[in-house]
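Student: can't give you the sequence, but here's the structure:
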């Protein structure tokens, strides 16, 4: 009888061990946890060819010797897209104010393992253009990028100042008629297939080749303001997307 009792106890213990092992096996089948969303930073880098632009440095652009003392411009309405054309992240309609400091701007977050493209516009769109730097948030609060002598005059989408062949030049591309923004260029697309999504932060380094933007154009001496021909020409070139690439 004692022997039978020992056999029964052994069978019960064996059954408990089997149940525990089976539970462990079930745990192994649990799905992987959801991926963590990562912030997406866009760093805009103005370049001439392969060289990051330095202020007060001379560059050969289309045979003209050009030096920039000031270079600032807006890029607007960033949208990060996947292969199916679905929106992954955006910056809530706020533009990025780019300059030679190459500061990064967060445009949202995504848990996507692969990025397809970045869509955006060059300049300030009509909605933002009708606002005021006094009431608008950063970076639309920059009074130097607005026709501040005329509160209803709109923003400067692109500012270039410096010298060309030793002579001063100024270009402030803007649409003072805020109801008809002929300067703003929408629907620019840049491929992101080479951008890594590993690490804690997704960083997109967006190059803007100013030499490409000015290709075939001649920078005149003196001022080119508002919707001057030069300004419309280089803003249209930005609209083609060819000056943009991802590093």
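Tutor: Happy to help now that I have it. Nothing here was measured: the structure is a model prediction, and the numbers come from that model.

Student: ranges for the strands of the chain?
Tutor: Assigned by DSSP state E, the chain shows strands spanning 38-48, 51-52, 58-61, 64-81, 87-90, 96-99, 104-110, 117-122, 156-164, 167-174, 185-191, 201-209, 222-226, 244-246.

Student: Mind putting those strands into JSON lines with mean pLDDT?
Tutor: Converted to JSON lines, the strands of the chain look like this (pLDDT from 0 to 100):
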{"stretch": "strand 38-48", "mean pLDDT": "97"}
{"stretch": "strand 51-52", "mean pLDDT": "96"}
{"stretch": "strand 58-61", "mean pLDDT": "98"}
{"stretch": "strand 64-81", "mean pLDDT": "97"}
{"stretch": "strand 87-90", "mean pLDDT": "93"}
{"stretch": "strand 96-99", "mean pLDDT": "96"}
{"stretch": "strand 104-110", "mean pLDDT": "94"}
{"stretch": "strand 117-122", "mean pLDDT": "97"}
{"stretch": "strand 156-164", "mean pLDDT": "97"}
{"stretch": "strand 167-174", "mean pLDDT": "97"}
{"stretch": "strand 185-191", "mean pLDDT": "96"}
{"stretch": "strand 201-209", "mean pLDDT": "97"}
{"stretch": "strand 222-226", "mean pLDDT": "95"}
{"stretch": "strand 244-246", "mean pLDDT": "97"}
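
Student: ok now do the residue nearest to residue 205 when sequence neighbours are not counted, which residues does it touch?
Tutor: Leaving aside its sequence neighbours, residue 205 sits nearest to residue 247 (C-beta to C-beta, 6 or more residues apart in numbering; 4.0 Å). Quick note: C-beta positions are derived from backbone N, CA and C, even for glycine. Applying C-beta atoms under 8 Å, 6 or more residues apart in numbering, we find residue 247 in contact with 45, 205, 206, 207.

Student: Neighbours of the second one, how many?
Tutor: Around residue 205 there are 15 other residues, counting by other C-beta atoms under 10 Å.

Student: is it true that it touches residue 45?
Tutor: Yes. Applying C-beta atoms under 8 Å as the test, residue 205 and residue 45 come out as touching, 6.1 Å apart.

Student: For beta bridges, what are the partners of the residue nearest the centre of the chain?
Tutor: The chain has residue 42 as the residue nearest its centroid, 4.0 Å off, counting by C-alpha atoms, centre = their mean. Beta-bridge pairing of residue 42 under DSSP bridges involves residue 105, residue 204.

Student: Brilliant, that's me finished.
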